[in-house]
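Chemist: Need a 3D model of the sequence below.
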Amino acid sequence: MTTYQREVEASDTSRDCRKFSSKNCLTRYYIAHIIALYYGCFLLAGDVNALHCEYSRREAYYKVAGTVGVGLGYGKLVTEVLSRRRDIRPKEHEEKIASTFQWAIAEACSPPPTTARPLRVLELGIGTTFRSIFHGCYNGAIELVNHLNEDVGGSSSRSSGFSLSITGVDLSEPKSSTLADARQQFLRDVVSTSSSSGKSEEDIIKEGWDFGYQKGDANDLPFPNDYFDAVTCCLLLCSVSDPETTLREIKRVLRPNGAFGYIEHVAVEPKDNRRILELQQLALDPLQQAVADNCHLHRHTEVSIQNVFGNSFVKKERFFVNMWPVSCQTSGIVRKTLREK
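Modeler: Coordinates of the predicted model:
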């Protein structure tokens, strides 16, 4: 953990303890889900009974008011939890993000671009807080690239070695100060690596290392074909309007042999033996979409990825983490083969 991350964590902890603790937020978040699930089942039972009898005006009013109240309460709690907890996630999930990003960039280095230039990495849905940068999700990839530079002669110059140029894309516009802080944090992470010690941030930038942001729609990316060596995303495909359209755009901007690394929450499948979680996903899915920026709890994202990229997976896995109701997740690396242009 970097000094910056420790300061952020200490700041978050002190603020939460004063007013609304992270643990208490999470507990209330879970309670909101449970209440919404219970109430949804109650309404469903009432709708079945409605086939045999008519509601009075008072009963209809209570049902509508109760549904709206639960929805608004659920949305308020989701917003408050995420804002006060700064989207703090389980360690296992964070480690999966870092390892997936590192693996995708490693695949992009084998084979490397044919021209002497930085490795171009696109992160879709990066968000306006740039959490992947401030949480060090690319630090493993930075170390990997510097090790590759040592293997080619100890130089990280653009003519004989590697560097990373990361572009984050999101629909929302970040604060200029947040973007500047994220870029500085990325450059500090590069400077702090062993092979770059003693170099200034200006030296690092001259070698091609950089981080930037561009506003854009994942379904219509503002980049030419075959432009990026690697594309990464985390918890993005759950909320886009059409996952396969987004995936086709990812495939379009990837160069041949480029790699796509993803971490997504997905629908529970029968083989997972988590029937209760599956029922919770199905019951809460409409409410989740309404209050959480179109987030779908029950999407078969792995199927969509295979439909677009075929069977060119380098690795893929399903796993469960303590992030209910999005605890069923998948991660993987898939490549754009030479014939897929």
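
Chemist: quick one: average pLDDT of stretch 147-161?
Modeler: Computed over stretch 147-161, the mean pLDDT rounds to 59.

Chemist: can you check stretch 176-186 too?
Modeler: Stretch 176-186 comes out at a mean pLDDT of 97.

Chemist: Quick one: residues in contact with it.
Modeler: 4, 128-130, 133-134, 138, 166, 201, 209-213 (C-beta atoms under 8 Å, 6 or more residues apart in numbering). (Glycine included, C-beta is placed from N, CA and C.)

Chemist: If any of those residues are buried, give me the PyMOL selection for them.
Modeler: A single PyMOL command is used to select the members of these judged buried by 16 or more other C-beta atoms under 10 Å:
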select buried, resi 128+130+133+134+138+166+209+210+211+213
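
Chemist: Counting only strands, which of the contacts of stretch 176-186 make the cut?
Modeler: Judged by DSSP state E, those include 166, 210, 211, 212, 213 as members of strands.

Chemist: The fourth one against residue 174, yeah?
Modeler: No. With contact defined as C-beta atoms under 8 Å, residue 212 does not count as touching residue 174 (11.2 Å).

Chemist: picking that back up, closest one to residue 332 out of the contacts of stretch 176-186, please.
Modeler: residue 138 (18.1 Å; C-beta to C-beta).

Chemist: need the contact list for that closest one.
Modeler: Under the criterion of C-beta under 8 Å, 6+ apart, the neighbours of residue 138 are 98, 101, 102, 132, 164, 166, 186, 189.

Chemist: count of neighbours near residue 100?
Modeler: When neighbours are counted by other C-beta atoms under 10 Å, residue 100 registers 23.

Chemist: Can you say which of the contacts of residue 138 are buried?
Modeler: Among the contacts of residue 138, those classed as buried by 16+ other C-beta under 10 Å are 98, 101, 102, 132, 164, 166, 186, 189.

Chemist: Now those residues in a markdown table, please, with extra columns for distance to residue 235 and secondary structure.
Modeler: Formatted as a markdown table, those follow (distance: C-beta to C-beta, whole Å; DSSP: H, G, I helix; E, B strand; the rest coil):
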| residue | distance to residue 235 | secondary structure |
| --- | --- | --- |
| 98 | 15 | helix |
| 101 | 13 | helix |
| 102 | 18 | helix |
| 132 | 11 | helix |
| 164 | 22 | strand |
| 166 | 18 | strand |
| 186 | 21 | helix |
| 189 | 22 | helix |
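
Chemist: could those residues go into TSV alongside distance to residue 148?
Modeler: Formatted as TSV, the buried ones among the contacts of residue 138 follow (distance: C-beta to C-beta, whole Å):
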residue	distance to residue 148
98	18
101	16
102	12
132	21
164	11
166	16
186	18
189	17
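
Chemist: Identify all contacting residues around stretch 230-238.
Modeler: With C-beta under 8 Å, 6+ apart, stretch 230-238 has contacts from 97, 100-101, 104-105, 107-108, 119-125, 132, 218, 243, 246-247, 250, 253-254, 258-265, 295-297, 299, 301, 304, 326.

Chemist: average model confidence for it?
Modeler: For stretch 230-238, the mean per-residue pLDDT is 97.

Chemist: Put the alpha carbons of it into CSV.
Modeler: The C-alpha coordinates for stretch 230-238 follow below in CSV (Å, rounded to 0.1, in the frame of the first residue of the first chain):
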residue,chain,number,x,y,z
ALA,A,230,-4.9,-3.9,-24.5
VAL,A,231,-8.4,-2.9,-23.2
THR,A,232,-9.5,-3.4,-19.6
CYS,A,233,-12.8,-2.9,-17.8
CYS,A,234,-14.2,-3.6,-14.3
LEU,A,235,-17.9,-3.9,-13.5
LEU,A,236,-18.8,-2.1,-16.7
LEU,A,237,-20.7,-4.6,-18.9
CYS,A,238,-23.5,-5.0,-16.3
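
Chemist: who are the neighbours in contact with residue 314?
Modeler: Contacts of residue 314 (C-beta under 8 Å, 6+ apart): 103, 107, 259, 332, 333, 334, 335.

Chemist: C-terminal to the helix or strand containing it, what's the next element?
Modeler: Per DSSP states H and E, residue 314 falls inside strand 313-320. Moving toward the C-terminus from strand 313-320, the next helix or strand (DSSP H and E) is strand 328-335.

Chemist: by how many degrees do that following strand and strand 313-320 diverge?
Modeler: Here strand 328-335 runs at 170 degrees with respect to strand 313-320, directions being taken by axes from the mean of the first three to the mean of the last three C-alpha atoms, to 10 degrees.

Chemist: Output the contacting helices and strands for strand 328-335.
Modeler: Helices and strands touching strand 328-335, as assessed by 3 or more C-beta pairs under 8 Å, 6 or more residues apart in numbering; DSSP states H and E, comprise helix 91-108, strand 254-265, helix 301-309, strand 313-320.
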